[in-house]
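Peer 1: I'd like to go over a predicted model; first the sequence, then the structure.
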Amino acid sequence: MSGSPAVVMRLVASAYAVAEKAGTIVRKVLHSGELGIVEKTGANDLQTLADRLAQQSICASLSKRFPKITIIGEEDLPSEEIQEDLIETGQSEEILQRSCPPEYSQLKEEEIVVWVDPIDGTKEYTEASRCLHFQAVAQAPHKGLDTPQPHSTALWLLDNVTVLIGIAHGGRAIAGVINQPFYNYKLGAGTQLGRTMWGMLGLGAFGFQLQEVPGDRRIVTTTRSHSNKLVTDCVDAMEPHEVVRVGGAGNKIIQLVEGKASAYVFASPGCKKWDTCAPEAILHAVGGKLTDMHGNAYRYDANVKHMNSAGVLATLRNHEYYVSRVPQSVLQALKSD
Ligand code: AMP
Ligand code: MG
Ligand code: MG
């Protein structure tokens, strides 16, 4: 490589380190047990202290280094002075060493839009915290509270939690970073927690082993906490051999690229641009596809509507099959932008 790295490579390298820092914050708040939960639009739309701190950390760190990029974060937060210890200045050396795909080598900061979901799967994060708290209470039963839930429930829920940083140019998701803060949780004490996956169009995706669902099995992954009749009708119309209900848009894309599911089907509004930008970039970097239920692409320009009103349909392979199975009732209810 000659000369200094392209702006977009420096941005992805920083986003990698920043997502890891956010993952650390997410773990720390869980272990403190003080989640500071706020209901946004309702009980299934929550914000915690970890969402607030992680977003502050991500946005302040990236805008300090890249002052001209547009950064759009999920959480509506008052603009206030950010604690110095929330600022991450590191970069992934491995990413800096890579050659930028020629089509992105001249991108300017002011042309780039970054979509930030500080915690994707906040609902599951709060449920996991409750399980862990119940467990702690079970070990000290004189303190009362409810019946403890099995520990394995909490472990499973923590896998649903991700930090998402998506990078867009010209309305397209071109690169993305996903940190999964509790990856390896099952292995117990002494193991390094968390992992970071990243991808870029023209380069590929890294930090995981790409796998496909074996054979012709149709395994559909969908929401576990935001379901409705349209969602279940659409899942049924895919004639799945198996349905995997897990939380988080990031986590569902991980299911696709690690061979655990063949399609992510969510025939409902609810997902936003910050939920899909990073996952879409990683999925597209390995030849997959994310669209609305009509098979139309979403755009990620700075001025787009945040809501993905026409649902989310994502696959690693055979996208056309799944689009062709979407029922008329869904197509009529969910109009493309
Ligand atoms: P899920 O698959 O239900 O975990 O949703 C994936 C992402 O979309 C998460 O960030 C959710 O918060 C968001 N989402 C989906 N449906 C809704 C909804 N009805 N209200 C609020 N957020 C939603
Ligand atoms: Mg989200
Ligand atoms: Mg979120």
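Peer 2: Nice, I can see it. Ligands and ions are numbered 1, 2, ... in the order given.

Peer 1: Now the phi/psi pair for residue 205, please.
Peer 2: Reported as degrees, to the nearest 10, the phi and psi values for residue 205 are phi -130, psi 150.

Peer 1: again with the one 4 residues further on
Peer 2: Comment: the main-chain dihedrals of residue 209 come out as phi -100, psi 110, following degrees, to the nearest 10.

Peer 1: Could you check which residue of this protein lies nearest ligand 1?
Peer 2: The minimum distance from the chain to ligand 1, using C-beta to the nearest ligand atom, falls at residue 270 (2.3 Å). For glycine as for every other residue, the C-beta is placed from the backbone atoms N, C-alpha and C.

Peer 1: which ones are touching the closest residue to residue 322 other than its chain neighbours?
Peer 2: Leaving aside its sequence neighbours, residue 322 sits nearest to residue 263 (C-beta to C-beta, 6 or more residues apart in numbering; 4.9 Å). When the contact criterion is C-beta atoms under 8 Å, 6 or more residues apart in numbering, the partners of residue 263 are 218-221, 238, 256, 313-315, 322.

Peer 1: List phi and psi for residue 263.
Peer 2: Its backbone dihedrals place residue 263 at phi -150, psi 140, with angles given as degrees, to the nearest 10.

Peer 1: Please apply the same query to the one 3 residues further on.
Peer 2: The phi/psi pair for residue 266 (degrees, to the nearest 10) reads phi -140, psi 90.

Peer 1: what about residue 241, neighbour count?
Peer 2: For residue 241, the number of neighbouring residues by other C-beta atoms under 10 Å comes to 13.

Peer 1: show me the contacts for it.
Peer 2: Listed by C-beta under 8 Å, 6+ apart, the contact partners of residue 241 are 217-219.

Peer 1: Look up how far residue 223 lies from it.
Peer 2: Computed as C-beta to C-beta, to the nearest Å, the residue 241 to residue 223 distance reads 19 Å.

Peer 1: picking that back up, what's the pLDDT at the residue nearest to residue 322?
Peer 2: At residue 263, the pLDDT value in this model is 98.

Peer 1: Turn the contacts of residue 241 into TSV, columns for secondary structure, pLDDT and neighbour count.
Peer 2: TSV is the format used below for the contacts of residue 241 (DSSP: H, G, I helix; E, B strand; the rest coil; pLDDT from 0 to 100; neighbours: other C-beta atoms under 10 Å):
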residue	secondary structure	pLDDT	neighbour count
217	coil	96	11
218	coil	98	19
219	strand	98	19
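
Peer 1: give the contact list for whichever residue of the stretch 1-150 of the chain sits closest to ligand 2.
Peer 2: For the stretch 1-150 of the chain and ligand 2, the shortest gap (C-beta to the ion) falls at residue 120, measuring 3.5 Å. Contacts for residue 120 (C-beta under 8 Å, 6+ apart) come out as 161-164, 248-251, 275.

Peer 1: Just give me the closest of those to residue 184.
Peer 2: Closest approach between the contacts of residue 120 and residue 184, by C-beta to C-beta: residue 161, at 13.1 Å.
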